[in-house]
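1. Return a 3D structure for these sequence lines:
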Amino acid sequence: MVEAHTVLGEQVRMPVEIRHADASSALFLVEAGQARALLAPAGLEPITVLGRAVLSLAFVRYVDGDLGPYHEFAFSLMARQPGHKGSTGAYIHWLPVNQSFTCEAGQSIWGFPKLMADIDIAPIRGGHSCEVRVDGQLVIALRVADGLPMPGGAGGASIDAYTFRNGSLRRTPWLMKPSRVRGRPGGVRVELGDHPVSDQLRALGLPKGALFASRIGALAMTFDDAATVLQTRENR
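-> All right, here's what the predicted structure looks like:
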């Protein structure tokens, strides 16, 4: 593992720590064929439930961390490497942010598909909302209910994040320590714009009702360095 990376002239030491953030997220069961098409370039296949792929949409407000404060929206699919046991992870398909330093760090260190966008996160009655615009064009507006307090959550959870960039599939260990967790079935409203990413979400079956909505009022996270697990032939 590399001990540190240089990003825009600054040293970013590994692992990167997020000391405080808050997040809202929604899980959907979506069209497996469309999910498979999005995952195919990375050499991954979707995790399915009742014949449907699992889509996560989330927005995060980073308050205190090694990459500074920023807002982020995540479009990810639960996936695995075919023929590899224990390879389940979250494939990060689209990850807009609203600050340039974390954008560059995410791309260069982990291969995250970060890009600059306007991301407006705000509290609303009974929940939180997020609007994402790229070059002034609405991509998605998402409203997520906070739900009811849920037991546990403070012990931490670990999941690997898959990214695919410049012909390389990478896997990043991602440790989360959530507290003040709330959740409920449903509780989500989705509005899509006319952006190409909006069309990808439509092809998956959105807008539709969510399987589950959740809110994390206090979230700490750790990201280790990424490991390359697969390279396309032209990138070897």
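
2. If the residue nearest to the spatial centre of the chain is in a bridge, with which residues?
-> Taking Cα atoms, centre = their mean, the centroid of the chain lies closest to residue 74, which sits 3.3 Å from it. Legend: beta-bridge partners of residue 74 under DSSP bridges are residue 58.

3. Show the contacting residues for it.
-> Counting by Cβ atoms under 8 Å, 6 or more residues apart in numbering, residue 74 makes contact with 56, 57, 58, 59, 60, 92, 94, 95. For the C-beta atoms, the positions are set from N, CA and C on the backbone; glycine is no exception.

4. for these, which one is nearest residue 137?
-> Lowest distance from residue 137 to the contacts of residue 74 (Cβ to Cβ) belongs to residue 94, with 14.2 Å.

5. Please enumerate the helices of this protein.
-> 32-39, 100-105, 196-204 (DSSP state H).

6. Would you reformat the ones you listed as JSON lines and include mean neighbour count?
-> Formatted as JSON lines, the helices of the chain follow (neighbours: other Cβ atoms under 10 Å):
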{"stretch": "helix 32-39", "mean neighbour count": "18"}
{"stretch": "helix 100-105", "mean neighbour count": "20"}
{"stretch": "helix 196-204", "mean neighbour count": "17"}
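
7. Surely residue 12 and residue 4 touch.
-> Yes - applying Cβ atoms under 8 Å, one finds residue 12 in contact with residue 4, separated by 6.3 Å.

8. Give me the more crowded residue out of the two.
-> Neighbour count, other Cβ atoms under 10 Å: between residue 12 and residue 4, residue 12 has more, with 19 against 12.
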